[in-house]
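Student: Quick one: sequence plus predicted model below, questions after.
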Amino acid sequence: MGSEEKGIFLLPKGFKAGGLHCGIKRKRHDLGYIVSEVPAVAAGVYTTNSFQAAPLAVTQRSIAIENKIQALIVNSGNANACTGNQGMQDAYEMQQLFAGKLGIGSHLVAVTSTGVIGELLPMDCIRKGIDTILNPEFEGPAEFQKAILTTDTCVKSAAVEININGKTVTISGAAKGSGMVHPNMATMLAFVTTDANIEQAALLSALKDTSNKTFNMITVDGDSSTNDMVLVMANGLAGNEALNEAHLDWLAFADGLKVVCESLAKQIARDGEGATKLVEVKVVGAKSLEDARAVGKTIISSNLVKTAIYGQDANWGRIVAAIGYSGVPVIPENVAVSIGSYPVFANGLPLPFSEEEVKAYLGGTEVDILVDLNQGDAVASAWGCDLTYDYVKINASYRT
C-alpha cells in the first residue's frame, strides 16, 4: 500500500495549517485553520444528535453548493450549540471573516466549533484571532493540532503515503476527542487532508464506509456530541488520474484512508477522559457484519465491563451479560470469550483460569477481548477505554 502509518499530521501537497490563542480559553490555543492552495473536493459525516450546532449547518450547506471547500476555521472552548439565531449568525460571521482574509468565496470555508454547550461565542476574541491567524508565526501542523483540543491530554494524528498511478499520494489526519464519545456518527472532530485527485461521490462513499468501520466503533462514555464531524479535503495536487471505485488503485486509497481513520479512532479511545487503558473488543463468528458490530459496541459501551477492566477484575460475566442484551440473537452454549490469551467462557460455562495471571494482564495499558459467536463468518472490532474515578472528576467540574 505504501509506507507505514506515520504518527504525525503530515500535510499533503498544497495544504497549510496553523493555530493560536485568541482568548476563548484562558491560556491554551483555541483557534485553528487548514487552507488548501486550490479548492478541494470535500466530504463530511456529521453527528446524528438532534441538537446539531450552528457550525455543522453552515458547513453542510456550504459543501452542498459545489462539493468543494478550500479552507476550514475551527475554535475550541465553546461549542456554539443551542445558541439560536445569534449562534447561526456568529458561525456565518466566522466563515465570512476567514473567507475575506483568504480572498475566496464564503461557501468555500467550513466552520467548526467544540467545547461548552449553550454559551455564545466571544466574537470579539474570534474576530481578532482571525485577523491575525495567517501570520507565519502561527503557522504549522502542531499549532493547528493544539488549537482543536478540549479535555484531550494529547494531540492525535496519523498519515500514510501511497502510490497511485506512479504518483505519491499523502493522506493525513488530525483529531480531537476524549469525552462525549460514543458510536453514533459522528463522535468527535477529525480533519483529513489528501492531495489525491478523486471524484466527490467516491470520496463520500469511502468516508462513510471507513467511518462505519472506525469512528463508529469507538466509545468513551456513551454520549454523542452536538457538534462533531469528520471532514475530508482532497485537492488533487498529487496529479494522479481521478480516482473512483472502478480505478485499479482504488483499494490502495480506500485502505490508506482506513489506516489513518482507524489510527485516529484508537487514539481517541485511548485518550478517553481519565482512561488508563485502550480496550479492543474483537467479535468473530457472527452471522452478519451488523451483528458483529452490535455485539462489539455493546461490550465496549458497558460501564460494568469498563469499570471491571479498570479494577483489573476478570469478571467475564459482565462481558457475557453485554452480549446477551446486545439485541443480537445468540446461542449461549456456542459463545466463547477470551480476555487476552486467556479463555474464560465457553459452552455456556466458565473455564478455569488463573485469576492472578488475568489480573496482571488487565494491569497493562492495552486490553484485548475476543468473542466468538460461532454463528457465521462476519468479524468486527470495537475500541474503548476503562472507566475511572478521574472520569467523574473531570466531568463533574467541566465548566468550573
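Tutor: Right, received. Where do you want to start? Numbers count the residues shown, from 1 in each chain.
Student: ok, for T307, nearest residue in space, not its chain neighbours?
Tutor: Using CB to CB, 6 or more residues apart in numbering and skipping residues adjacent in sequence, the residue nearest T307 is L387, 5.0 Å away. For every residue, glycine as well, the C-beta is placed using N, CA and C.
Student: What's the separation between the one you found and S301?
Tutor: 10 Å (CB to CB, to the nearest Å).
Student: of these two, who's got more company?
Tutor: L387 (26 against 21; other CB atoms under 10 Å).
Student: Now the more buried one, what are its backbone angles?
Tutor: Backbone torsions for L387, taken as degrees, to the nearest 10, come to phi -110, psi 120.
Student: Who is I69 paired with across the strands?
Tutor: Beta-bridge pairing of I69 under DSSP bridges involves A40.
Student: which ones are touching the residue nearest to T307?
Tutor: D221, G274, A275, N303, K306, T307, Y310 (CB atoms under 8 Å, 6 or more residues apart in numbering).
Student: same question, A380
Tutor: Taking CB under 8 Å, 6+ apart, we find A380 in contact with K213, M217, K282, V283, A286, L289, A292, R293, V295, G296.
Student: Mind putting the residues you listed into a markdown table with neighbour count?
Tutor: Shown next, in a markdown table, are these (neighbours: other CB atoms under 10 Å):
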| residue | neighbour count |
| --- | --- |
| K213 | 16 |
| M217 | 25 |
| K282 | 17 |
| V283 | 28 |
| A286 | 25 |
| L289 | 16 |
| A292 | 26 |
| R293 | 24 |
| V295 | 25 |
| G296 | 29 |
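Student: Which one among the residues you listed sits at the bottom for pLDDT?
Tutor: Lowest in pLDDT among the contacts of A380 is M217, which has 88.
Student: Surely that one is in contact with T298?
Tutor: No - M217 is not in contact with T298 according to CB atoms under 8 Å; the separation is 11.7 Å.
Student: any shared contact partners between those two?
Tutor: Common neighbours of M217 and T298 (CB under 8 Å, 6+ apart) do not exist.
Student: returning to that earlier point: reformat the contacts of A380 as TSV; add secondary structure and distance to D195.
Tutor: What follows is the contacts of A380, written out as TSV (DSSP: H, G, I helix; E, B strand; the rest coil; distance: CB to CB, whole Å):
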residue	secondary structure	distance to D195
K213	helix	23
M217	helix	28
K282	strand	33
V283	strand	36
A286	strand	37
L289	helix	31
A292	helix	34
R293	helix	32
V295	helix	38
G296	helix	34
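Student: of those residues, closest to N374?
Tutor: Comparing those against N374 with CB to CB places A286 closest, at 9.3 Å.
Student: Next, please give the residue ranges for the helices of the stretch 201-350 of the chain.
Tutor: All helices of the stretch 201-350 of the chain, identified by DSSP state H, counting those that start in this stretch, fall at 250-270, 289-301, 303-310, 316-324.
Student: buried set for the last one?
Tutor: What that stands for is helix 316-324. Residues W316, R318, I319, V320, A321, A322, I323 are the ones in helix 316-324 that count as buried (16 or more other CB atoms under 10 Å).
Student: and for that helix, what are the contacting residues?
Tutor: 295, 298-299, 301-302, 304-305, 308, 330, 332, 335, 337, 339, 344-345, 350, 369, 371, 373.
Student: between it and helix 303-310, what angle do the directions make?
Tutor: 150 degrees (axes from the mean of the first three to the mean of the last three CA atoms, to 10 degrees).
Student: 433 is where my numbering starts, stick with that
Tutor: Got it, the first residue is 433 from now on, which makes the last one we talked about helix 748-756.
Student: can you tell me the average pLDDT over helix 748-756?
Tutor: So the average pLDDT for helix 748-756 ends up being 96.
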